[in-house]
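*Asks:* A predicted structure for the sequence below; I have some questions about it.
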Amino acid sequence: MNHLSSSIGYEIKRIRKEKNMTQAELCKGICSQAEISKVENGKNSPTIDWLQQVAKRLKVPLSMLFEDHLRSDMYTSYDQQLLRLLQGNQFEEACMIIDDIKNKIDYDEIKFLAMYYEIIIHEKRNFRTYLETIGEFKQLLMHTSLQFKSPTLYLRIHMAIAISFIEHEDFDSAENSFQELLRFNYDTIELKKVRIKILYNYAKQLSEQNRNQLGLEITKQGIQESLQIEDGQLLGQLYYQRGYFKKILNRNPSDIQKDFTMAYSLFRTFNLPVHEKILLEKNSSFVLFRI
């Protein structure tokens, strides 16, 4: 699977649902319903001939099926720029980009992204309390088109609310937020990747509350789902997390060694020196070998 296939699949699904068409109606005479499902979920790469037939059935120009790819690239570019400026506390520069998006960009999901960062900047500049920030996030979530047009951002905002509750030790509210997040329908690879981040952050919350047995189960789930979709983005952190929970719960030392050693190997593979350093400072005796 690649980014283009994933974005084309998303756009086919979006247009199909917009036209109240089922997968069976769309695929009739073109392919099997199973194939349509795989394309929509980014698991299969469609041919141009296939796309032409689907575009004709959807009654849209072929170019429209590539619209999401172009929009997604622009979204990613702005997201990376704003995140980098935010991490560097360059709030004025970030606000200039946000204003530029508001005045010049027509894509709703990119406007929503700008609003998301604007809320965060306001809190970081002490223009808002954390409860006011959560209120603004919740208002943003009420936009009816947000969940449909940018489900990953929708989930990201929900997760930001949950993490904010954790940072201010409102664990009951954080628990409710995570439970709501886990009920969401994660029906694409991109959304499944977001779910793994949610599981990771949920386990961190459980660690802070000393709910270690549940934290271990959530971490196991995160590892399993990462392996299922072959996503290594958080796999090292999850193995570290699982080793940590097993250590706290006094589980089999050889199992703890396996998890910390796997985490170390993944941190080395993905060039995460900060994570590697923390692991070795706190748990070097559990690492079976060093590269």
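*Replies:* Thanks, I have it. Residues are numbered from 1 along each chain as shown.
*Asks:* tally up the residues packed near Ile278, please.
*Replies:* 13 (other Cβ atoms under 10 Å). In this view, the C-beta of every residue, glycine as well, is placed from N, C-alpha and C.
*Asks:* need the three-state assignment for it.
*Replies:* helix (DSSP: H, G, I helix; E, B strand; the rest coil).
*Asks:* and the pLDDT for it?
*Replies:* Note on Ile278: pLDDT of 95.
*Asks:* what's the answer for the one 4 residues further on, then?
*Replies:* Lys282 carries a pLDDT score of 92 in this model.
*Asks:* that one and Ala263, how far apart?
*Replies:* Computed as Cβ to Cβ, to the nearest Å, the Lys282 to Ala263 distance reads 11 Å.
*Asks:* ok, now Leu146?
*Replies:* 35 Å.
*Asks:* Lys282 and Ala263: which has the busier surroundings?
*Replies:* Neighbour count, other Cβ under 10 Å: between Lys282 and Ala263, Ala263 has more, with 27 against 13.
*Asks:* pLDDT of the helix or strand hosting that one, averaged?
*Replies:* Applying DSSP states H and E as the criterion places Ala263 in helix 253-269. Confidence for helix 253-269, expressed as mean pLDDT, is 96.
*Asks:* which residues touch it?
*Replies:* 232, 235-237, 239-240, 242-243, 246-247, 272-273, 275-276, 279-280, 283, 286-291 (Cβ atoms under 8 Å, 6 or more residues apart in numbering).
*Asks:* just for the chain, where's the confidence low?
*Replies:* The model of the chain has pLDDT under 70 over residues 1-4, 67-70.
*Asks:* ok, back up a step: list the buried residues in the helix holding Ala263.
*Replies:* For helix 253-269, the neighbour count (16 or more other Cβ atoms under 10 Å) marks Ile256, Gln257, Lys258, Asp259, Phe260, Thr261, Met262, Ala263, Tyr264, Ser265, Leu266, Phe267 as buried.
*Asks:* which of those lies closest to Leu82?
*Replies:* Checking the buried residues of helix 253-269 against Leu82 by Cβ to Cβ gives Phe267 as the nearest, at 26.8 Å.
*Asks:* how close does the residue lying closest to that closest one once chain neighbours are set aside sit to Gly243?
*Replies:* Among residues not flanking Phe267 along the chain, Glu276 sits closest, at 4.1 Å (Cβ to Cβ, 6 or more residues apart in numbering). In this view, Glu276 and Gly243 are 14 Å apart by Cβ to Cβ.
*Asks:* which one of the two has more residues nearby?
*Replies:* Applying other Cβ under 10 Å to Glu276 and Gly243 shows that Gly243 carries more neighbours, namely 26 against 22.
*Asks:* against Tyr200, how distant is the closest residue to the more buried one other than its chain neighbours?
*Replies:* Leaving aside its sequence neighbours, Gly243 sits nearest to Asp259 (Cβ to Cβ, 6+ apart; 3.4 Å). Distance of Asp259 to Tyr200, given as Cβ to Cβ: 14 Å.
*Asks:* need the helices for the stretch 101-250 of the chain, in chain order.
*Replies:* Ranges of helices in the stretch 101-250 of the chain, per DSSP state H, counting those that start in this stretch, are 108-124, 130-141, 146-149, 151-167, 171-182, 189-208, 212-228, 235-248.
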